[in-house]
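Asker: based on what follows, work out the 3D shape:
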Amino acid sequence: MKCFNCFKGKSRTRELKSVPELKDQTISDNSAAQRSIPELYEEKAHNLRVFSFLELRNATNGFNRLLKIGEGGFGSVYKGSIKPADGQGDWIVVAVKKLNKDSLQGHKQWVAEVQFLGVVEHPNLVKLIGYCATDGERGIQRLLVYEFMPNKSLEDHLFSRVLSTLPWQTRLQIALGAAQGLAYLHEELEVQVIYRDFKSSNVLLDEDFKPKLSDFGLAREGPIDGHTHVSTAVVGTYGYAAPDYIETGHLTTKSDVWSFGVVLYEILTGRRSLERNLPTMEQKLLDWVKQFPADSRKFSMIIDPRLRNQYSLSAARKIAMLADSCLSKSANDRPKMSQVVESLKQIIQVPEEGGPSDKRSHESSGTHPVGSAKKPDQMGVSESRKTGMDHLARSSKNTNVVGLVLATDRDPRKPVLIKAIFTIEMVGVWVKADSKWAHVREGHSCFIAPQQGILLTD
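Answerer: Now for the predicted structure:
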């Protein structure tokens, strides 16, 4: 998903020397009592390693395209290896971001990232190891060196068919860790930091799937001296930026809270905030989920089918309610990220599907978990439909059944390949096969064919 910006006019960026500077990142009326990010950076700049261009070229085998692990509007990211600062011990695997030479705006973001990551320090923020800034015969070279995150991004695991599905508890822990990273930026530093580009692709995962926020190129200092917001050019990513920020250019920490609410729904549904491949009514995630309120019987229809019912329905409802509070129209009605952190900690304590709290909540609300949904004869399904389904079951009695027939709301052009036992077209009903039940979602047609899997159309 591409970023957007609404910059007016052009600005010149001074030539960089040994220490990155970005004076226009500060707010003009900065008080003596509260130091700015550039001032704090001056204290901590010595913690960053300064690399030569040759070192990083060798570290990436000449920026070998086979080592490229990412690419954006302002440059490419490569996997590489560097020696420890003292030259002793094993080589360190790193990620090297190389800025495009002709990217003026990218240069501004590069400087911002050096300064912000040079100041912050938290388990849920990616670590900046060092940078390279040279102006030689080969032109301007700007590079950043980060700790390597082997499990890619939250976006990759939520939406890729190649990577394994994130289990329910892992998703919750990722949400909690990301929230803790934002809370640190908003409330635990000497100067408030607004991240401004929170999205699933910027949540990287380490070897233990612990989340770390990356890409601080759009970060800004928060308001000071009693000001309620920072007035700034509107930049961000479609589908994640808060509508009040887009309309007014008034940036606050509550802009990040909105973005976090969007990602919570991505975690719940396994859908992107904006997906052009889906039917028109389902392309915008936030519009689609409104049809399935957290307190409704049909809420479970939005849960990512790749979870295969291995989740807590009561916890999922609470996550949706938390997301809704983050997505409040009025920024003042949105919670602080520290409050979000506390809410997530409480939700994570809810037992897995089938646990005591889930059982009570299903019985009291009259709802049921996806994995234990009632069969047609318990749901008031008409006799004619039950007869038809029983006929299907009898006709397939002598067929080798490999697995449960599943319905999915994924892209029709990318069906889930499974083995099935018959061909059927039914809408909004249950299908029985060899004592196993499957539900075809309302509003979709489910075509099941041997060796071909399931396709959904509207």
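Asker: going forward, measure contacts between C-alpha atoms and count neighbours the same way
Answerer: Fine.
Asker: excluding sequence neighbours, find me the nearest residue to Pro38.
Answerer: Once flanking residues are discounted, Pro38 sits nearest to Gln115: 6.4 Å by C-alpha to C-alpha, 6 or more residues apart in numbering.
Asker: in which helix or strand would I find that neighbour?
Answerer: Assigning secondary structure by DSSP states H and E places Gln115 in helix 104-119.
Asker: what packs against that helix?
Answerer: helix 37-44, strand 92-99, strand 128-136, strand 139-147 (3 or more C-alpha pairs under 8 Å, 6 or more residues apart in numbering; DSSP states H and E).
Asker: what comes up buried for it?
Answerer: Residues 104, 106-119 are the ones in helix 104-119 that count as buried (16 or more other C-alpha atoms under 10 Å).
Asker: can you list the residues that contact it?
Answerer: With contacts defined as C-alpha atoms under 8 Å, 6 or more residues apart in numbering, helix 104-119 is touched by 13, 20-22, 25, 37-38, 40-41, 44-45, 47-48, 74-75, 99-100, 127-128, 131, 142, 144, 215-219.
Asker: and if you look at stretch 121-130?
Answerer: In contact with stretch 121-130 (C-alpha under 8 Å, 6+ apart) are residues 48-51, 114, 117-118, 144-147, 177-178, 180-181, 184, 204, 210-214.
Asker: before we move on, what about stretch 71-83?
Answerer: Under C-alpha under 8 Å, 6+ apart, the answer for stretch 71-83 is 55-56, 59-61, 63-65, 67-70, 89-100, 103, 105-106, 148.
Asker: which phi and psi does the spatially closest residue to Ser259 that is not a sequence neighbour have?
Answerer: Nearest non-adjacent residue to Ser259, counting by C-alpha to C-alpha, 6+ apart: Tyr240, 4.9 Å away. Main-chain dihedrals, Tyr240, degrees, to the nearest 10: phi -120, psi -30.
Asker: and the pLDDT at Tyr240?
Answerer: For Tyr240, the model assigns a pLDDT of 95.
Asker: which helix of this structure spans the most residues?
Answerer: For the chain, the longest helix by residue count, based on DSSP state H, is helix 168-187.
Asker: what packs against that helix?
Answerer: Right, helix 168-187 is packed against strand 193-194, strand 211-213, helix 253-269, helix 337-348 by 3+ C-alpha pairs under 8 Å, 6+ apart.
Asker: hmm, try it at 7 Å
Answerer: strand 193-194, strand 211-213, helix 337-348 (3 or more C-alpha pairs under 7 Å, 6 or more residues apart in numbering; DSSP states H and E).
Asker: looking at those, which one is packed in the most?
Answerer: Greatest average neighbour count among the helices and strands packed on helix 168-187 goes to strand 211-213 (a mean of 27), per mean count of other C-alpha atoms under 10 Å.
Asker: which residues sit against it?
Answerer: The contact list for strand 211-213, computed with C-alpha atoms under 7 Å, 6 or more residues apart in numbering, reads 124-126, 174, 177-178, 181, 202-205.
Asker: I'd assumed Met301 was in a strand, is it?
Answerer: No. Secondary structure of Met301 (DSSP: H, G, I helix; E, B strand; the rest coil): helix, not part of a strand.
Asker: which stretch among the helices and strands packed on helix 168-187 comes nearest Gly236?
Answerer: In terms of C-alpha to C-alpha, the element of those nearest to Gly236 is strand 193-194, at 12.1 Å.
Asker: other residues contacting the closest one?
Answerer: By C-alpha under 7 Å, 6+ apart, strand 193-194 touches 185-186, 219-222, 252-253, 256.
Asker: hang on, the earlier thing: check contacts around the residue nearest to Ser259.
Answerer: Residues in contact with Tyr240, defined by C-alpha under 7 Å, 6+ apart, are 199, 259, 262.
Asker: mind doing that once more with 8 Å?
Answerer: Counting by C-alpha under 8 Å, 6+ apart, Tyr240 has contacts 197-199, 258-259, 262, 273.
Asker: ok, those vs His229, which is closest?
Answerer: Proximity of the contacts of Tyr240 to His229, judged by C-alpha to C-alpha, is greatest for Trp258, which lies at 15.2 Å.
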